[in-house]
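1. Give me coordinates for this.
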Amino acid sequence: MSEHETYIKLIGLLDERGARYRIYEHAEEGATEAVSALRGNAVEQAAKCLVVMVKLGKKTKRYVPAVVPGDRRVDLGAVKALLGGSYAGFATPEVAERPARSDGGTSRSSVAESGGGTVLPFSFDEELALVVDPVLLEQPEIYFNAARLDRSPTLATADYVAIAEPRVEPIAG
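-> This next block holds a predicted model:
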């Protein structure tokens, strides 16, 4: 799925579910601090999403989209413990930046995202359990790139939780 298709799918989902959101258009930027400055939001309101690979056994891996406030880091040890894994690390760029698939594709890492650091805080794959740190959900609204580096929604946090249905666990360091 291209960046444009992922963006359209995301906006369609938000509209279909009656989400309260606004779209900010800005210069292309993927770094959390820099894009927060362009949007005018506090860094802790930004939903930073990274794909974590957890080894569950010698031949078994699980990929987890992990979402933390923009001023925090993902605690790999917490994600590893959450899944009962033996090792956790960030997914390779090739895995993390693979576009989401809505066509029943077999990508074990298909999260709603595009390349260049715009992993969305949503998962369009039932096999990928989205995990969000509760500190982010203390914000009334969250901000994130919308599968494009030049567009960012601000989304009511209550609507985000209702639509994304994340597992809420302390995973920020």
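
2. Wait, D133 touches G70, no?
-> No: counting by Cβ atoms under 8 Å, G70 is not a contact partner of D133; they are 11.1 Å apart. From N, CA and C alone the C-beta is placed, and that goes for glycine too.

3. who's more crowded, those two?
-> Between D133 and G70, counted using other Cβ atoms under 10 Å, the more crowded position is D133 (24 against 21).

4. Regarding this structure, what is its longest helix?
-> Using DSSP state H, we find that the single longest helix of the chain is helix 3-16.

5. pLDDT (mean, whole number) over it?
-> The average pLDDT within helix 3-16 is 90.

6. separation between A34 and Y63?
-> Look at A34 and Y63: by Cβ to Cβ, to the nearest Å, they are 26 Å apart.

7. where in the protein is pLDDT low?
-> In the predicted model of the chain, residues 1, 94, 97-118 satisfy pLDDT under 70.

8. what residue of it is the furthest out?
-> Centroid-distance maximum for the chain: K58 at 26.9 Å, with Cα atoms, centre = their mean.

9. Could you verify that that residue is part of a strand?
-> No: counting by DSSP: H, G, I helix; E, B strand; the rest coil, K58 falls outside a strand, being coil.

10. which residue is nearest the middle of the chain?
-> The chain, centroid-nearest residue using Cα atoms, centre = their mean: P121 at 2.4 Å.

11. name the helices or strands packed onto the longest helix of the chain?
-> In terms of contacts (3 or more Cβ pairs under 8 Å, 6 or more residues apart in numbering; DSSP states H and E), helix 3-16 is packed against strand 113-114, strand 151-156, helix 157-164.
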